[in-house]
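*Asks:* Pasting the sequence and the predicted coordinates here, then a few questions.
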Amino acid sequence: MTYKTYTEKKFNIGELKNISAKTIEEHLKLYAGYVKHTNLILEKVADLSKTEEEQITNIYTIGELKRRLGFEFCGMRNHEYYFTQFEGGQKVMSVESNLYKKIEEIWGSYEKWLSEFKTLAMTRGIGWAFLYQDIATGNLMNTWVGEQHEGHLTGLKPILALDMWEHSYMLDVPPSEKKKYVEAFFENVNFMIVEERF
């Protein structure tokens, strides 16, 4: 069994409004850790699974490693969605875009969708606010994902990802003021990238 190694991506993030360079620098180090540990887990699973006999002997260890893989792998991918959204500087969502029109179709207005998404982002605890697209129906859904992986919706495509772990904003604002970070996030998103995902 040989897994392809995952490589840490490099992001072209310029100066952001109300999100410091130090926050991004430290945050990228955490992302690098998710890439590293995804590879370590896959390497260890392969090492424990060389033969059918070894797989049976190591079943519990492999099982626990696979449980941990969901956390590390989703941590890696979630951050890739997140950081990519800052590349190229802020660009507002075009009212002519298919995504804007779909949001209006489902929520009635862009403002109603945005209000719901920002409220979702204020969920207590650590996790992520996601806007997903259900490819099967075309529906869009705002959903909370606990930690990095709990609550991801199977078969749905991430369109917008907002990291709500404290490490995303604590160097800039205290947890009691995380609403300022949510506002800052939307001051920096390149919605052209988000629209391309849709």
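*Replies:* Yep, that arrived.
*Asks:* Centroid-nearest residue for this structure?
*Replies:* The centre of the chain sits closest to Asn78, judged by Cα atoms, centre = their mean, with a distance of 2.4 Å.
*Asks:* okay, Met1: pLDDT?
*Replies:* We note a pLDDT of 61 for Met1 in this prediction.
*Asks:* ok, now Glu80?
*Replies:* We have a pLDDT of 97 for Glu80.
*Asks:* do the same with the one 5 residues further on
*Replies:* Among the per-residue scores, Gln85 holds a pLDDT of 97.
*Asks:* Identify the residue nearest it in space, chain neighbours excluded?
*Replies:* Distance criterion Cβ to Cβ, 6 or more residues apart in numbering; nearest residue to Gln85, sequence neighbours excluded, is Val189 at 5.1 Å. The way it works is simple: take the backbone N, C-alpha and C, and place the C-beta from them, glycine included.
*Asks:* Assess the claim that the one you found and Gln90 are in contact.
*Replies:* Yes: in this structure, Val189 is within contact of Gln90 by Cβ atoms under 8 Å, at 6.4 Å.
*Asks:* which one of those two has more residues nearby?
*Replies:* Val189 (19 against 15; other Cβ atoms under 10 Å).
*Asks:* quick one, what contacts the more buried one?
*Replies:* 85-86, 90-91, 160 (Cβ atoms under 8 Å, 6 or more residues apart in numbering).
*Asks:* For these, pick the one with the most neighbours.
*Replies:* Leu160 (26 neighbours).
*Asks:* sorry, back to before: now do the residue nearest to Gln85 against Thr57, distance only.
*Replies:* Applying Cβ to Cβ, to the nearest Å, the value for Val189 to Thr57 is 49 Å.
*Asks:* Just after the longest helix seen in the chain, pick out the following helix or strand.
*Replies:* Longest helix in the chain, counting residues (DSSP state H): helix 21-48. Going down the chain from helix 21-48, the next helix or strand is helix 52-57, by DSSP states H and E.
*Asks:* CA atoms only: put that next one into PDB for me.
*Replies:* Output of helix 52-57 as PDB, limited to C-alpha atoms (Å, rounded to 0.1, in the frame of the first residue of the first chain):
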ATOM      1  CA  GLU A  52      -3.400  -9.300   5.800                       C
ATOM      2  CA  GLU A  53      -2.100 -10.800   9.100                       C
ATOM      3  CA  GLU A  54      -0.600  -7.500  10.100                       C
ATOM      4  CA  GLN A  55      -3.900  -5.700   9.300                       C
ATOM      5  CA  ILE A  56      -5.800  -8.200  11.600                       C
ATOM      6  CA  THR A  57      -3.100  -7.900  14.400                       C
END
